[in-house]
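# I would like the atomic coordinates for the input below:
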Amino acid sequence: MRALAVAFLTVAVLSGCGGGGSTPTQPAGSIKVTLTEFHFDPSAITVPSGKVVFFLINAGNNLSHDMIIRDSTGKIIGGSDLISSGDSTVFTVDNIAAGTYVIFCDQPGHESSGMKGTLTVT
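Now for the predicted structure:
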C-alpha cells in the first residue's frame, strides 16, 4: 500500500515539472502552426466555420511573432498574443464565418518579409 502511495506521489510531482508550466500542450482538435523567421508552417490552412483553436509554436531563432487574421476588407478578425522565441500558445477564434482570410505576423517588417498565408474557412 505504501509503495502505491509513493508511486502516485511520484507521478503527481513529475507531471508538474517541465519548464515552469509556461508552455502549454497542444489541445486535442487544434491546428498546429509553427512560426519562424519569416514563415508560417503550414502557410495555407483550411478549417470549418465556427470555433477554431490554433496551437502556435514560435520555433524561430530570436524574434517574437504572432498570428493575426484579416478578412478581405482589411478588418482584423482576431489575433494571438506575441510569442517569444521557443514559446507556444493557444489562440482561439470563437466564431469565424466561411470565407478566405489572410494570416500574417504584424511585427514591423514581418509581413513584408513573407510572414503571411491563407486561412480558408469552409
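
# so where does L35 fall, helix or strand?
L35 belongs to strand 31-36 when assigned by DSSP states H and E.

# Strand partners (parallel or antiparallel) of that strand?
In the sheet, strand 31-36 lines up against strand 39-41 (antiparallel), strand 50-58 (parallel) (DSSP bridges).

# got a markdown table for those strands, with mean pLDDT too?
A markdown table is the format used below for those (pLDDT from 0 to 100):
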| stretch | mean pLDDT |
| --- | --- |
| strand 39-41 | 98 |
| strand 50-58 | 98 |
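
# Can you tell me which of those is nearest to P27?
strand 50-58 (5.7 Å; C-beta to C-beta). Heads up, the C-betas are built off the backbone N, CA and C, glycines and all.

# what sits up against the next helix or strand along the chain from the closest one?
Once strand 50-58 ends, the next helix or strand along the chain (criterion: DSSP H and E) is strand 68-70. For strand 68-70, the surrounding residues in contact (C-beta atoms under 8 Å, 6 or more residues apart in numbering) are 76-80, 93, 96, 101-106, 119.

# Just the helices from this protein, written as ranges.
Ranges of helices in the chain, per DSSP state H, are 2-15.

# Low-confidence stretches in it?
1-23 (pLDDT under 70).

# what's around the closest residue to G114 other than its chain neighbours, how many residues?
The shortest distance from G114 to any non-neighbouring residue, by C-beta to C-beta, 6 or more residues apart in numbering, is to F38 (4.9 Å). When neighbours are defined as other C-beta atoms under 10 Å, F38 has 18 of them.

# Help me confirm that F38 comes into contact with P108.
No - the pair F38 / P108 is not scored as a contact, 11.7 Å apart, by C-beta atoms under 8 Å.

# from what I can see M67 touches C105, true?
Yes - using C-beta under 8 Å, M67 is in contact with C105, at 6.8 Å.

# Thanks a lot, see you next time.
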